[in-house]
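Novice: let me see the structure of the following:
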Amino acid sequence: MMGCTSVLSALTLCFSVVTFAHAQTPLPVAEPGYVKHGTKFYILGGHLLTEPTNSSIGMSTTTTAPPSHFHVLDLSKPWKASSPAWSSLPKITDLIRTSVVKVALSKDGRTLIAFPSVAANANANAIANNNNNNSNNSTLATGGPSDAKMAAARFEFGTMTWMASSAVIERTLGDLSPVLEPTTGRVFVLGGYKGPGEDRMDMYSFEEDSLISLSLPTVLLGAATTTTTTDQTPLSPWGIGAKAVWSQHRQSLLYFGGKNRGVGGGGTQDQNRVVAEYTPGDSTWKFPATSGSVVSTFWHCVATNDNGTLLFAYGGIDAQNPSSTTQQGLSILDLTTMTWRTAPRGENRVLSACTVAGDHFLVWGGANALSDGRLAIVDAGKRDSSILIFDITMNAWVDSYTPSQDYLLPPPDIPRAGNDDSGASFGASFSAVIAIIALVTIAILAMVIHICCMIRRGARKEREGVFGNNNDQVK
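Specialist: Numbers count the residues shown, from 1 in each chain. As a prediction, this is how the structure comes out:
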């Protein structure tokens with residue numbers, strides 16, 4: 001029986017390792033790529049937060065290191081803010097040379113596209129230089145790969161594999177903000193504020209794996225801040241650190257916030273230029289009028305609820321006063337009345353990931369901005385995968401997430417490669433698949449162990465029987 005016990009112990013250890021490998025929680029990062037689909041919230045890459053002696057964010061060699069992790073949060077089950085239901089997914093390996101990426105999902109959720117963006121540490125260094133009256137902003141141009149053309153990468157959930165994309169982003173610097181237009185499945189890629197392409201946005205096709213460029217109207221472009229013709233400075237919200245999101249209710253793309261590139265300068269927008277709106281149906285841009293009080297920010301995160309009637313803008317720095325250490329809280333825009341309201345203040349954050357799941361607004365990751373332009377670890381006590389949870393109905397920050405009825409439904413299965421059945425469902429959790437495989441494996445191994453033990457027990461009894469007969473003969 002000792003042999004059986006040893007095998008069972010080894011089997012238990014094996015199961016623990018398998019479970020840990022796919023239920024890992026992400027390390028805390030700032031500026032991750034993030035996107036939500038159904039009951040899943042995905043994060044990819046970002047700045048790994050270390051704890052160096054100068055209290056600034058520790059970058060993981062942003063110019064060469066691929067995204068350090070790829071995780072998914074399960075929104076179909078309840079969990080505490082301190083212990084969210086994270087699972088790990090395959091890393092991107094060496095297909096992208098910068099740890100900062102911005103992502104979008106196809107409308108069926110089968111494919112994720114990751115666009116290389118640019119590290120915010122370059123922007124932070126530039127702000128620090130401005131605040132110290134240092135005109136040397138060379139760091140602004142070295143936050144990512146030295147060339148302006150950076151190829152994207154695709155992740156196929158059917159095969160759980162990464163592959164190179166033929167789409168190339170022609171931006172020297174990023175703050176890219178890709179947004180899916182769910183009717184046609186196109187992805188609009190906004191952002192990029194220096195070098196080729198700053199006066200346009202790109203449109204990505206999942207089917208063709210290609211980008212085409214769309215010119216921006218002159219109303220969105222401001223006057224140059226220098227004599228360099230390529231240095232047009234977009235009026236806020238067309239600038240550094242702005243974020244785009246899709247509104248299902250308005251059937252439009254909304255672009256909020258941003259900071260002009262002028263040295264030490266903030267935005268020049270009025271109240272009615274805080275939000276820009278693009279309607280793909282007729283390819284028009286406008287600045288919709290809003291009421292209520294809001295601060296135009298940069299380095300914030302933005303999300304809309306499922307029906308697209310509410311826009312949430314969280315964190316970030318005042319675009320009118322970028323040298324200020326004041327970080328903003330949560331502002332909510334009612335997209336039916338275009339009225340802003342201020343929610344109870346949460347923790348200070350910049351460069352976070354956020355989403356809306358049912359009645360909850362969720363925030364993960366991020367950093368604090370220091371007066372000298374550096375980015376600091378949020379809180380030594382929260383350097384984990386905890387999540388900030390805002391209950392929309394209660395209008396209060398809470399410590400647990402409870403999925404709404406729509407999110408309690410079990411996720412559909414993921415069709416594997418080669419399955420062309422249009423009725424096949426998609427979206428099952430990778431961790432659930434691994435758990436099933438592990439359980440089946442354990443069941444098979446348990447049966448084998450049981451059979452082996454029975455055989456050994458039978459053999460032992462047979463030997464004992466033989467010895468007993470010999471003793472009888474001696475007598």
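
Novice: please report phi then psi for residue 448.
Specialist: Main-chain dihedrals, residue 448, degrees, to the nearest 10: phi -60, psi -40.

Novice: what is the burial count for it?
Specialist: 11 (other C-beta atoms under 10 Å). Bear in mind the C-beta positions are built from the backbone N, C-alpha and C, glycine included.

Novice: now do the contacts for it.
Specialist: For residue 448, the contact set (C-beta atoms under 8 Å, 6 or more residues apart in numbering) is empty.

Novice: mind checking how far it is from residue 284?
Specialist: 67 Å (C-beta to C-beta, to the nearest Å).

Novice: would you mind finding the longest strand in this protein?
Specialist: In the chain, assigned by DSSP state E, the strand with the most residues is strand 161-170.

Novice: partner strands of that strand and their direction?
Specialist: Paired with strand 161-170 in the same sheet, following DSSP bridges, are strand 149-156 (antiparallel).

Novice: show the average pLDDT along the strand it pairs with.
Specialist: Average pLDDT, strand 149-156: 86.

Novice: tell me the spacing between the residue nearest to residue 399 when sequence neighbours are not counted and residue 386.
Specialist: Nearest non-adjacent residue to residue 399, counting by C-beta to C-beta, 6 or more residues apart in numbering: residue 81, 4.8 Å away. Separation of residue 81 from residue 386 (C-beta to C-beta): 5 Å.

Novice: neighbour count for the two, which is higher?
Specialist: residue 386 (20 against 16).

Novice: distance check, the residue lying closest to that one once chain neighbours are set aside against residue 387.
Specialist: In space, and not counting its chain neighbours, residue 386 is closest to residue 82: 4.9 Å by C-beta to C-beta, 6+ apart. Distance, residue 82 to residue 387, using C-beta to C-beta: 8 Å.

Novice: compare these two (neighbour count), which wins?
Specialist: residue 387 (24 against 12).

Novice: residue ranges with poor pLDDT in the stretch 101-250 of the chain?
Specialist: By pLDDT under 70, the low-scoring segments of the stretch 101-250 of the chain are 118-149, 171-174, 192-199, 218-239.

Novice: buried stuff in the longest strand of the chain?
Specialist: Neighbour-count burial for strand 161-170, counted by 16 or more other C-beta atoms under 10 Å, picks out 162, 165, 167-170.

Novice: could you export those as TSV, including distance to residue 93?
Specialist: Converted to TSV, those look like this (distance: C-beta to C-beta, whole Å):
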residue	distance to residue 93
162	6
165	14
167	18
168	19
169	19
170	24
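
Novice: helix/strand/coil for residue 441?
Specialist: Put simply, residue 441 is helix when judged by DSSP: H, G, I helix; E, B strand; the rest coil.

Novice: if I look at it, how far off is residue 31?
Specialist: From residue 441 to residue 31 the distance is 38 Å (C-beta to C-beta).

Novice: out of those two, which sits in the busier spot?
Specialist: residue 31 (33 against 14).

Novice: could I get the CA-only coordinates of stretch 441-458 as CSV?
Specialist: Taking Å, rounded to 0.1, in the frame of the first residue of the first chain, the C-alpha atoms of stretch 441-458 are listed here in CSV:
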residue,chain,number,x,y,z
THR,A,441,-6.9,13.0,-16.1
ILE,A,442,-7.2,12.5,-12.3
ALA,A,443,-10.1,10.2,-12.8
ILE,A,444,-8.2,8.0,-15.3
LEU,A,445,-5.1,8.0,-13.1
ALA,A,446,-7.2,7.1,-10.1
MET,A,447,-8.7,4.2,-11.9
VAL,A,448,-5.2,3.0,-13.0
ILE,A,449,-3.9,3.3,-9.4
HIS,A,450,-7.0,1.4,-8.1
ILE,A,451,-6.5,-1.4,-10.7
CYS,A,452,-2.8,-1.6,-9.8
CYS,A,453,-3.5,-1.8,-6.1
MET,A,454,-6.1,-4.6,-6.7
ILE,A,455,-3.6,-6.5,-8.8
ARG,A,456,-0.9,-6.2,-6.2
ARG,A,457,-3.4,-7.2,-3.4
GLY,A,458,-4.5,-10.3,-5.5
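
Novice: what is the mean pLDDT for that stretch?
Specialist: The model assigns stretch 441-458 a mean pLDDT of 74.

Novice: same check on stretch 69-89?
Specialist: 94.

Novice: in that stretch, what's buried?
Specialist: By neighbour count with 16+ other C-beta under 10 Å, stretch 69-89 contains the buried residues 69-76, 79, 81, 84-89.

Novice: please apply the same query to stretch 289-306.
Specialist: Here stretch 289-306 shows 290, 294-305 as buried, counting by 16+ other C-beta under 10 Å.
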